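> return atomic coordinates for the entry below.
(2 chains)
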Amino acid sequence: MSIQDWIKNEVETNDVVVFMKGTPNFPQCGFSGQVVQILDYLGAPYKGINVLEDDDLRQGIKDFTNWPTIPQLYVKGEFVGGCDIIREMFQNQELQQTFNDKGIETKQSA
Amino acid sequence: MPMAANQIEELIKAALPDAQVEIRDLAGDGDHYAANVVSEAFRGKSRVQQHQLVYEALKGNMGGELHALALQTKAPD
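Residues are numbered from 1 along each chain as shown, chains lettered A, B, ... in the order given. As a prediction, this is how the structure comes out:
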């Protein structure tokens, strides 16, 4: 299975998945840490994939969606954004809305 | 080799001639910047598409030479 197929499978079989540096419990980059904090605050179940474990994955994910940086958040198979966009959407309550629109329970369902 | 703020501005303006670009150096190491970019090219585009336009303007430097660029993009009001 090519790295692109593997990524595609992960993105399609997990409602919420974030490709990050480090793990949710031990983020190894400030930006990845911020996205994880936001997801934890929202209380939405998600899967964290550590791109540092595999260079092909680290490069593959950037090619997968033509996005040059990590972290990357996918919801129901759709690329939502990197740290800047997630933080901006969170501050505008758009992130909670996106989750709820896609049928993903969040603690903060306002 | 980190990038200088004006280099980033020049690359963005080369790709988006009408862009108003404001660069802030976050860490003084030439590797961590924040950039506000206002351009007509963003109108009607999603945030992801807007940021991709800026990344393309940076011609592959993003993620390599440039470790972090906190982006804020919007079309002119």
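
> where does chain B have low pLDDT?
Scanning chain B for pLDDT under 70 picks out B:1.

> up against chain A, what does it have?
Proximity of chain B to chain A is confined to B:Arg47, B:Val48, B:His51, B:Gln52, B:Tyr55, B:Gly60, B:Met62, B:Gly63, B:Ala68, B:Ala70, B:Leu71, B:Gln72 under the rule CB under 8 Å from any CB of the partner chain. Using the backbone N, CA and C atoms, a C-beta is placed for each residue, glycine as well.

> if we use 10 Å, what do you get?
Taking CB under 10 Å from any CB of the partner chain as the contact definition, chain B meets chain A at B:32, B:34-35, B:46-48, B:50-52, B:55-56, B:58, B:60-64, B:66-73.

> which members of the residues you listed are positioned in helices?
The helices, defined by DSSP state H, take in B:Arg47, B:Val48, B:Gln50, B:His51, B:Gln52, B:Tyr55, B:Glu56 from those.

> now, of those, which are buried?
Those of those that meet the buried threshold are B:Arg47, B:Val48, B:Gln50, B:His51, B:Gln52, B:Tyr55, by 16 or more other CB atoms under 10 Å in any protein chain shown.

> from the residues you listed, which is closest to A:Val80?
Proximity of these to A:Val80 (CB to CB) peaks at B:Val48, which lies at 7.7 Å.

> and residue 39, what does it touch?
Just going to use chain A. A:Val16, A:Val18, A:Pro24, A:Pro45, A:Tyr46, A:Gly48, A:Leu73, A:Ile86, A:Phe90, A:Leu95, A:Phe99, A:Thr106 (CB atoms under 10 Å, 6 or more residues apart in numbering or on different chains).

> you answered for a different chain; I wanted chain B.
Residues in contact with B:Ser39 (CB under 10 Å, 6+ apart) are B:12-13, B:15-21, B:50, B:53-54, B:57, B:73-76.
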